[in-house]
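Participant: Here's a sequence, model it:
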Amino acid sequence: MGKYFGTDGFRGEANVGLTVDHAFRIGRYIGWYYGKDHKAKVVIGKDTRRSSYMFEDALCAGLTASGADAYLLHVTSTPSVSFIARADDFDCGIMISASHNPFYDNGIKLINGNGEKMEESVLDGIEAYLDSNEQLPYAKRDAIGCTVDYAAGRNRYIGYLISLATRSYKGFRIGLDCANGSTWQMAKSVFDALGADTYVIGCRPDGLNINVDCGSTHLGTLRQYVMENHLDVGFAFDGDADRCLAVDEKGNEVNGDHIMYLCARYMKERDTLGDSKVVTTVMSNMGLYKALDELGIGYEKTKVGDKYVAENMRQNGHLIGGEQSGHIIFGRYANTGDGLLTAIKVMEVITETKQPLSVLASPMTMYPQVLKNVVVTDKDETLACPEVQEAVKKAERELGSDGRVLLRKSGTEPLLRVMSEATTYELCEEKVDAIIAAMDRAGKLIRIK
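Facilitator: You can find the predicted model right below:
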């Protein structure tokens, strides 16, 4: 990861960590970089945060000042920007969003012309420019770029999603939690068009309430809604709709690991999985791996971040992968996690097998898991500390094949994450606390967040 761009773009509190000047200069660089030998075209989407409009204006100013044309999808999802960048031959795409973060944060996600997360070489160039006093040439006269209303692109993406459904949803009562974010208009349109009786919450954005007690990070709201309204299934998205978690008809959470399991099983039973493996991150639950072993389905593990999942899938030709948090990638249909696509693929399994989601997810048993975030004096020094390393090794020896521990740096915050899985929550807590105690004895612990 670079100084500004992490695994999911340049993210920070609006006008504190990520300022309008950053956005303008990013636009300037991208317009110059892609416009060296032709008129650059860049497509831009945003979520519903108050600051997203400000950043959109700044990016457009930078792009057009460098001679690029900026095409505006307006409020839309990250996967729609990915789809349109690829389908409509744009040089790149930009999504303005901080995903599941609170409204006062925002982010700039860069997507290449193939609909994938931007190459590190381009990000390195942007970062060097942001830290320099370099003056890029301004476009003049008719070389100055223009902004184009491109809402038609968003509608084309909606049409693409609808085309992927294998059956009508007529007779299904489906709940959607749009997190007061990117899908607040799109999601209902898709499910209505497919014939569902659609019930929607989290669909009244005011610029300040994105992800507030709603969406995939606050699943309790949807669980209660599904139960009270006797719905067949519920789907919850995050702020920019690249994640999806589900709730079954009994109100139980169906997370990303469950979704990968039931979709991979469905694909294998219909001979559409081939030799493909399921690509996970190291944070996926042991229960997923044991369930896949029973089915004879292989898997691979990457570092945390859907970026690394996508890279592995591309390099090895795998068809499905994702994260427990709900970033699911279906390689035949998209190059990034897509919450609406995930909901459609889950509905395909439900409609084709004629089984409720509770039955489809039940063969996979989640192992108890405890995760604690720890602020330390220095992340790298703490990871390398012999006393901490020995505590990790001891926990691994004691758990054996019935559990595991994981100690890693956060990619988005200045802290370490200590995680354990075991047969009981008490055992998980014991192993996590033992590792944190080792940090304390070594003088590395500041506080548990």
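
Participant: Could you say which helix or strand holds Y225?
Facilitator: helix 220-228 (DSSP states H and E).

Participant: Could you tell me the model confidence score at the residue lying farthest from the centre of the chain?
Facilitator: Relative to the centre of the chain, and counting by Cα atoms, centre = their mean, the farthest-placed residue is R141 at 40.5 Å. Note on R141: pLDDT of 97.

Participant: now it: how far from Y34?
Facilitator: Between R141 and Y34 the distance is 20 Å, computed by Cβ to Cβ, to the nearest Å. (C-beta placed from N, C-alpha, C; glycine too.)

Participant: picking that back up, check which residues of the helix holding Y225 are buried.
Facilitator: Neighbour counts using 16 or more other Cβ atoms under 10 Å place 221-223, 225-226 of helix 220-228 among the buried residues.

Participant: Stretch 3-21 too?
Facilitator: Buried residues in stretch 3-21 (16+ other Cβ under 10 Å): 4-6, 8-12, 14, 18-20.

Participant: pLDDT score assigned to the closest residue in space to A291 that isn't next to it in sequence?
Facilitator: Spatial nearest neighbour of A291, excluding adjacent residues (Cβ to Cβ, 6 or more residues apart in numbering): M364 at 4.1 Å. Note for M364: predicted pLDDT of 95.

Participant: M364 is in contact with Y289, isn't it?
Facilitator: No: between M364 and Y289 there is no contact under Cβ atoms under 8 Å: 9.9 Å.

Participant: of these two, who's got more company?
Facilitator: Neighbours per residue (other Cβ atoms under 10 Å) separate M364 from Y289, with M364 holding more: 23 against 19.

Participant: Let me have the buried residues of stretch 3-21 in a markdown table, adding distance to E56 and pLDDT as columns.
Facilitator: As requested, these are exported to a markdown table (distance: Cβ to Cβ, whole Å; pLDDT from 0 to 100):
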| residue | distance to E56 | pLDDT |
| --- | --- | --- |
| Y4 | 19 | 93 |
| F5 | 19 | 93 |
| G6 | 21 | 86 |
| D8 | 19 | 84 |
| G9 | 15 | 92 |
| F10 | 15 | 96 |
| R11 | 16 | 94 |
| G12 | 17 | 95 |
| A14 | 12 | 97 |
| L18 | 13 | 97 |
| T19 | 14 | 98 |
| V20 | 11 | 98 |
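
Participant: Next step: the residues you listed restricted to strands.
Facilitator: Mapping the buried residues of stretch 3-21 onto strands (DSSP state E) picks out 5-6, 9-12.

Participant: ok, back up a step: how is the residue nearest to A291 assigned, secondary-structure-wise?
Facilitator: coil (DSSP: H, G, I helix; E, B strand; the rest coil).

Participant: Phi, psi for it please.
Facilitator: Torsion angles at M364 (phi, psi; degrees, to the nearest 10) stand at phi -100, psi 120.

Participant: Could I get the contacting residues of it?
Facilitator: M364 sits next to 257-258, 261-262, 287-288, 291 when contact means Cβ atoms under 8 Å, 6 or more residues apart in numbering.

Participant: gap between it and L110?
Facilitator: 35 Å.

Participant: ditto for F55
Facilitator: Remark: distance between F55 and L110 (Cβ to Cβ) = 13 Å.

Participant: Which one of the two is surrounded by more residues?
Facilitator: F55 (28 against 21).
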